[in-house]
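Enquirer: Mind looking at a prediction? Sequence and model below.
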Amino acid sequence: MSTSTYTVERSTTITAEPQRVYEQIADFHRWMQWSPWEDLDPNQRRTFSGAEFGTGAMYAWSGNRKAGSGHMTITHAEAPADVRIALEFEKPFKSSNTTEFLVTAESPDTTRVTWTMTGPHSLATKVMGIFSPMDKMIGKDFEKGLTRLKEVVEKQPAG
């Protein structure tokens, strides 16, 4: 593993078919229901542009110090298995990251979701890493987000 990059990865199993899980991930409008960062600033500004969902969909945010600002673009979406996102943080520090969600059927009614983020160890992340490794810092957010995603999907009636 290269010390110039970091990777954070978490998984969960959801009682639903892959398509229902994929639809939550590939549509940024639905992220407000489950994203672990939405409650950092209830007044943050959100902008949606590009495609409505899937490849080409874009989401930008700007909020308080905790929420920061940045934007995401879905660079690849293959229903119901894979969503890749270019994630650009602008504040509190600049960073370019790649996020991927792999959605895999484990049985006819259970789906495994794996959320991975890879990014460069910038000066800011190296300094933060002295106090807490990126996996420890962001991993908790991924766990919270996956728990929320599971709750949202499992509450929906089956299509």
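Expert: Good, I have the coordinates.
Enquirer: switch to C-alpha atoms for all contacts and neighbour counts from now on
Expert: OK.
Enquirer: Checking residue 71 next. Helix, strand or coil?
Expert: Reduced to three states with DSSP: H, G, I helix; E, B strand; the rest coil, the structure at residue 71 is strand.
Enquirer: Compute the first-to-last residue distance for stretch 30-49.
Expert: With C-alpha to C-alpha, to the nearest Å as the measure, the ends of stretch 30-49 fall 14 Å from one another.
Enquirer: what does it rub up against?
Expert: 24-25, 28-29, 57-64, 66-67, 141-142, 144-146, 148-149, 152 (C-alpha atoms under 8 Å, 6 or more residues apart in numbering).
Enquirer: all helices in the protein, in order from the N-terminus.
Expert: The residue ranges that make up the helices of the chain, judged by DSSP state H, are 18-25, 123-131, 134-155.
Enquirer: returning to what we had before: filter the contacts of stretch 30-49 down to the buried ones.
Expert: Buried members of these, scored by 16 or more other C-alpha atoms under 10 Å, are 24-25, 28-29, 57-63, 67, 141-142, 144-146, 148-149, 152.
Enquirer: pLDDT-wise, which helix or strand of the protein ranks last?
Expert: In the chain, the helix or strand scored least confidently by mean pLDDT, DSSP states H and E is helix 123-131, which has a mean of 51.
Enquirer: picking that back up, from the helices of the chain, which stretch is densest packed?
Expert: Between the helices of the chain, helix 18-25 has the highest mean count of neighbours, a mean of 21, where neighbours are mean count of other C-alpha atoms under 10 Å.
Enquirer: Could you dump the helices of the chain into TSV with distance to residue 47 added?
Expert: Conversion of the helices of the chain to TSV gives the following (distance: least, C-alpha to C-alpha, whole Å):
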stretch	distance to residue 47
helix 18-25	17
helix 123-131	26
helix 134-155	20
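Enquirer: Least confident of those helices, on average?
Expert: Mean pLDDT per stretch puts helix 123-131 lowest among these, at a mean of 51.
Enquirer: Name the nearest residue to the residue lying farthest from the centre of the chain, ignoring sequence neighbours.
Expert: Among the C-alpha atoms of the chain, the one most distant from their mean position (C-alpha atoms, centre = their mean) is that of residue 108, at 24.7 Å. Setting aside the residues directly before and after it, residue 108 is nearest to residue 17 in space (C-alpha to C-alpha, 6 or more residues apart in numbering), at 6.5 Å.
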